[in-house]
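[1] need a structure here:
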Amino acid sequence: MSPEQARGQPVDEQADIWAFGVVLFEMLAGRRPFRVGTVTDTLAEILMKDPNWTELPSGTPEPLQRLLRRCLERDATRRLHSIADARIELREATAPRTGSGRQSG
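    All right, here's what the predicted structure looks like:
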């Protein structure tokens with residue numbers, strides 16, 4: 001549940017971007033980014049804490065970490081604006097690099 005959902009505020013596609021970030025984090029880390037005993041405690045953690053970024057595998061590329069941070073930004077106005085942006089970021093994060101540091105194309 002996104003922070004705005006947890007607060008009972010109206011939601012839009014920003015909540016979906018949050019959910020995508022939660023699933024991506026879980027895929028990479030093997031655990032949910034927010035996990036505590038009760039639903040109430042989990043909601044409080046979502047509202048007050050960042051995920052434990054050190055739970056991501058040590059080899060997680062920086063662009064992928066940056067994408068996760070933008071998806072799991074508590075302030076919806078600072079999150080990605082479109083899930084299409086996430087697709088672009090994922091492609092760039094996983095694209096083979098040439099010797100010059102630029103993507104091969």
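
[2] what about the longest helix in the chain?
    helix 13-29 (DSSP state H).

[3] using CSV, list the CA coordinates for that helix.
    Extracted C-alpha coordinates of helix 13-29, given in CSV (Å, rounded to 0.1, in the frame of the first residue of the first chain):
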residue,chain,number,x,y,z
GLU,A,13,-1.0,5.9,-11.1
GLN,A,14,1.6,7.0,-8.6
ALA,A,15,0.3,4.3,-6.2
ASP,A,16,0.9,1.7,-9.0
ILE,A,17,4.4,2.9,-9.4
TRP,A,18,4.9,2.4,-5.7
ALA,A,19,3.5,-1.1,-6.0
PHE,A,20,5.9,-1.8,-8.9
GLY,A,21,8.8,-0.7,-6.7
VAL,A,22,7.7,-2.9,-3.9
VAL,A,23,7.5,-5.9,-6.2
LEU,A,24,10.9,-5.1,-7.8
PHE,A,25,12.5,-4.7,-4.4
GLU,A,26,11.1,-8.1,-3.3
MET,A,27,12.3,-9.7,-6.5
LEU,A,28,15.9,-8.4,-6.0
ALA,A,29,16.2,-8.7,-2.2
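
[4] that helix - contacts with which helices or strands?
    Under the contact criterion of 3 or more CB pairs under 8 Å, 6 or more residues apart in numbering; DSSP states H and E, the helices and strands touching helix 13-29 comprise helix 3-6, helix 62-71, helix 83-94. (Glycine included, C-beta is placed from N, CA and C.)

[5] so which elements touch whatever helix or strand comes next after it?
    Elements were assigned by DSSP states H and E; along the chain past helix 13-29, the next helix or strand is helix 39-48. Contact here means 3+ CB pairs under 8 Å, 6+ apart; on that basis helix 39-48 packs against helix 3-6.

[6] for the helix it packs on, which positions count as buried?
    Of the residues in helix 3-6, 3, 4, 5 count as buried by neighbour count, 16 or more other CB atoms under 10 Å.

[7] and which of those residues is nearest residue 64?
    Among the buried residues of helix 3-6, residue 3 lies closest to residue 64 (CB to CB), at 22.0 Å.
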